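Need a 3D model of the following:
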Amino acid sequence: MTTVVSVHSFRGGTGKSNTTSNVAGQLAAQGFRVGVIDTDIQSPGIHVLFGFSEDDLGNTLNDYLWGKIAIQEAAHDITDVIRSSTEVAEGGALFLVPSSMKTADIARVLREGYDVGTLNDGFRELSQALNLDYLLIDTHPGLNEETLLSITISDVLLLILRPDRQDFQGTAVTVNVARKLGVPAMYLVLNKVPSGVPLDNLRQQMADAYEAETAALLPLSEEVVQNASEGLFSLTSPSHEWSAQIRQIAQRIQG
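Numbers count the residues shown, from 1 in each chain. Sure, this is the predicted structure:
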């Protein structure tokens, strides 16, 4: 049985894709079969964190949605990306289904849309074809039809937010929607937390605001910013506090 994990944020720029890729890398390194699918079709980018350029992508989620291929044909085995940074336990594997970076493909999505039912079928088919333990869905920010679908079918919802008023208010809306949709498990991840902020007080504020568990408080780190899109920071810098918090998220998903 595949555990489906949607990673979502109300606004862009929260570090959602960076969090998704690093959590996926941690799970694969521990010996799980993990899939990552980029459903942020209007503004894809998680592939960059795994070392892909636009020319490397080959088959994409777009090709599946337009009926050209089976979804597993868009899955790239990127286990070696993890293995280049850390030891991968026996059985561990990581697969990425990217979205197209081609301007024409993005324009077609914006112009024509796509069948979200087909996307739902693809989640199931991919999980079965690759025998996945975990499927991580990197969603499009905000609330639209495809993100609502992802939330609905999720076993775990990770909500990423930053410590600012707009994110707090938008996340409250998402939390209420997720509860109405009956998501089995929902965790908050507060990213870009400035140094010097009392973390216990921050956790209590989160608990009071959302009545949901905070899985991690990711510090605002110059090292993480400098790393940008140069790989998975939690694997290349495992002793960093940011990396320790990412491992905490991975452990909470397993719990």
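
which residues of the stretch 151-255 of the chain fall in strands?
Assigned by DSSP state E, counting those that start in this stretch, the stretch 151-255 of the chain shows strands spanning 156-161, 185-193, 213-219.

a markdown table for those strands, including mean pLDDT and mean neighbour count?
(C-beta placed from N, C-alpha, C; glycine too.) Formatted as a markdown table, these follow (pLDDT from 0 to 100; neighbours: other C-beta atoms under 10 Å):
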| stretch | mean pLDDT | mean neighbour count |
| --- | --- | --- |
| strand 156-161 | 95 | 26 |
| strand 185-193 | 95 | 22 |
| strand 213-219 | 95 | 21 |
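
Need the ones you listed in a markdown table (columns: distance to residue 44).
Output for those, formatted as a markdown table (distance: least, C-beta to C-beta, whole Å):
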| stretch | distance to residue 44 |
| --- | --- |
| strand 156-161 | 17 |
| strand 185-193 | 20 |
| strand 213-219 | 22 |
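
tell me which residues of the longest helix anywhere in the chain are tucked away?
The helix that spans the most residues within the chain, counting by DSSP state H, is helix 165-181. For helix 165-181, a neighbour-count test (16 or more other C-beta atoms under 10 Å) marks 167-168, 170-171, 174-175, 178 as buried.

same for it, what does it pack against?
Counting contacts by 3 or more C-beta pairs under 8 Å, 6 or more residues apart in numbering; DSSP states H and E, helix 165-181 is packed against helix 145-153, strand 156-161, strand 185-193, helix 199-210.

JSON lines for those, including distance to residue 133?
Putting those into JSON lines (distance: least, C-beta to C-beta, whole Å) gives the following:
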{"stretch": "helix 145-153", "distance to residue 133": "16"}
{"stretch": "strand 156-161", "distance to residue 133": "13"}
{"stretch": "strand 185-193", "distance to residue 133": "16"}
{"stretch": "helix 199-210", "distance to residue 133": "28"}
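
To residue 238, which of those lies closest?
Nearest to residue 238 among those is strand 185-193; the distance by C-beta to C-beta comes to 18.6 Å.

strands paired with the closest one, and their directions?
Here strand 185-193 has these sheet partners by DSSP bridges: strand 156-161 (parallel), strand 213-219 (parallel).
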